[in-house]
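Here is a sequence with its predicted model. Questions after.
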Amino acid sequence: MGLVQPSLRRLYRQPLNKLMAMLWLWLAVVASVQADESSGLASLTFITEEYPPYNYIDNQQLTGISIDLLEAIFAATETPLSRHDVRYYPWVRGYELALSQPNTVLFSTTRTPAREVNFHWVGPIDQDRVVLLAHRDAPIVVDSLAQAIDRGLTVVVIREDIGAQALLEAGYPERLLVSAIDNRSALNMLTRGRVELWAYSQDVAGWIATSEGYPKDILTPTHTLSESSLYFAINKATDPRLVALMQQALNKVQAGRVER
C-alpha cells in the first residue's frame, strides 16, 4: 500500500481534534459547576440595614432573626461566609445596589406587588405590619388615607421603604411626605413635632423607640398600610440556580426548626 498523503492525514486528524476540543470544553464546564457548588452562595453579596429584631448591630456585631437565619443557610449550602461578610448600609443605598448589581441580596425586604418584578425572592422570613404611627402625646385618629390627605397630615418616610412606596402608590401627595435618612431620624422628627405621622413597621418602630430611651407606648398606630412578608430580595440578573439553592436551603432550615 502507498503512503497516506499529508492532506489525508489532516483529514483523519480533524475529527479527533474536534473531539478533544469538545472534551476539554466539557471538562471546563464541569469544573466550573463543581467550583460553584463547592462554594455554595459565596459569589453573592449580602446587604442589610438596621431593621430590628430582624437585622441590626448589637455590641458592634450584626445580629437578629434574619442574620441567624442567613448563617444557617450558609451552613446548609456549605458557603464559606458568616455574618461578618454581610455589608451594613443605609436602606436607600442597599436598595439601589440590589436593583442595579447582579449577585446582590438585600434583606429583610418586604415583598409587594410593585416590587415583584424587580427581584428574585427567597423566603418568607417573617410577617411584618406597616402602619401610620402618631406620637402618644399628640394622638391622631385616621380612618382612611383619604381622611389623612383631606386633613393635610404630614408623614415622615424613608425613601424606597415600604411605607413610602405604599403611600405614593395610594396617591398620597408628595408635598405631605418628609424624607428621613434612617429610622432613628424619622423617630426624632415625630417626637419633636416636625411631622404628624410616621409610616413604618409597627414592631421595628417600637424597638427603635425603646432603644432610644422612650417609653414603650410612645408610638400609637393609627392606620394599617400593609401586612406583608419579609424576604431576601435578589437582583434579577443573578443565576437562577443560586436563587433555587438558597430557597431550598431556607426551606430545609425552617423545616428543621419546626421539627425541633
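All right, it came through fine.

where does the chain dip in pLDDT?
Scanning the chain for pLDDT under 70 picks out 1-38, 258-260.

C-alpha coordinates for stretch 132-148, PDB please?
What follows is stretch 132-148 as a C-alpha-only set of coordinates in PDB (Å, rounded to 0.1, in the frame of the first residue of the first chain):
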ATOM      1  CA  LEU A 132     -49.000  55.100  60.300                       C
ATOM      2  CA  LEU A 133     -47.700  56.000  63.700                       C
ATOM      3  CA  ALA A 134     -48.600  59.000  65.800                       C
ATOM      4  CA  HIS A 135     -46.900  60.400  68.900                       C
ATOM      5  CA  ARG A 136     -48.700  59.400  72.200                       C
ATOM      6  CA  ASP A 137     -48.900  63.000  73.300                       C
ATOM      7  CA  ALA A 138     -50.400  64.200  70.000                       C
ATOM      8  CA  PRO A 139     -52.900  61.400  69.300                       C
ATOM      9  CA  ILE A 140     -54.400  61.300  65.800                       C
ATOM     10  CA  VAL A 141     -57.200  59.100  64.700                       C
ATOM     11  CA  VAL A 142     -57.200  58.300  61.000                       C
ATOM     12  CA  ASP A 143     -60.000  56.200  59.500                       C
ATOM     13  CA  SER A 144     -58.500  56.200  55.900                       C
ATOM     14  CA  LEU A 145     -55.700  57.700  53.800                       C
ATOM     15  CA  ALA A 146     -58.300  59.900  52.100                       C
ATOM     16  CA  GLN A 147     -59.100  61.400  55.500                       C
ATOM     17  CA  ALA A 148     -55.400  62.000  56.300                       C
END
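
Tell me how many other residues surround Ala72.
Neighbour count for Ala72, taken as other CB atoms under 10 Å: 17. Every C-beta, even on glycine, is put in place using the N, C-alpha and C of the backbone.

quick one, what contacts it?
Counting by CB atoms under 8 Å, 6 or more residues apart in numbering, Ala72 makes contact with Val253.

Quick check: it vs Arg257, distance?
Per CB to CB, to the nearest Å, Ala72 is found 8 Å from Arg257.

What of Ala148?
Per CB to CB, Ala148 is found 40 Å from Arg257.

residue boundaries of the helices in this structure?
6-38, 65-76, 91-100, 145-150, 162-169, 183-191, 202-211, 240-259 (DSSP state H).

Return the alpha-carbon coordinates of the third one using PDB.
It stands for helix 91-100. Output in PDB follows, covering the C-alpha atoms of helix 91-100 (Å, rounded to 0.1, in the frame of the first residue of the first chain):
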ATOM      1  CA  TRP A  91     -31.700  51.300  53.300                       C
ATOM      2  CA  VAL A  92     -31.700  53.600  50.200                       C
ATOM      3  CA  ARG A  93     -28.100  52.700  49.300                       C
ATOM      4  CA  GLY A  94     -28.700  48.900  49.800                       C
ATOM      5  CA  TYR A  95     -31.900  49.000  47.800                       C
ATOM      6  CA  GLU A  96     -30.300  50.800  44.800                       C
ATOM      7  CA  LEU A  97     -27.400  48.300  44.800                       C
ATOM      8  CA  ALA A  98     -29.800  45.400  44.900                       C
ATOM      9  CA  LEU A  99     -31.600  46.800  41.900                       C
ATOM     10  CA  SER A 100     -28.500  47.500  39.900                       C
END
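
helices or strands up against that helix?
strand 45-48, strand 104-110, strand 219-235 (3 or more CB pairs under 8 Å, 6 or more residues apart in numbering; DSSP states H and E).

Extract the C-alpha set from the shortest one and format it as CSV.
Output in CSV follows, covering the C-alpha atoms of strand 45-48 (Å, rounded to 0.1, in the frame of the first residue of the first chain):
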residue,chain,number,x,y,z
THR,A,45,-23.0,39.9,48.0
PHE,A,46,-25.3,40.2,51.1
ILE,A,47,-26.6,43.6,52.2
THR,A,48,-28.7,44.5,55.2
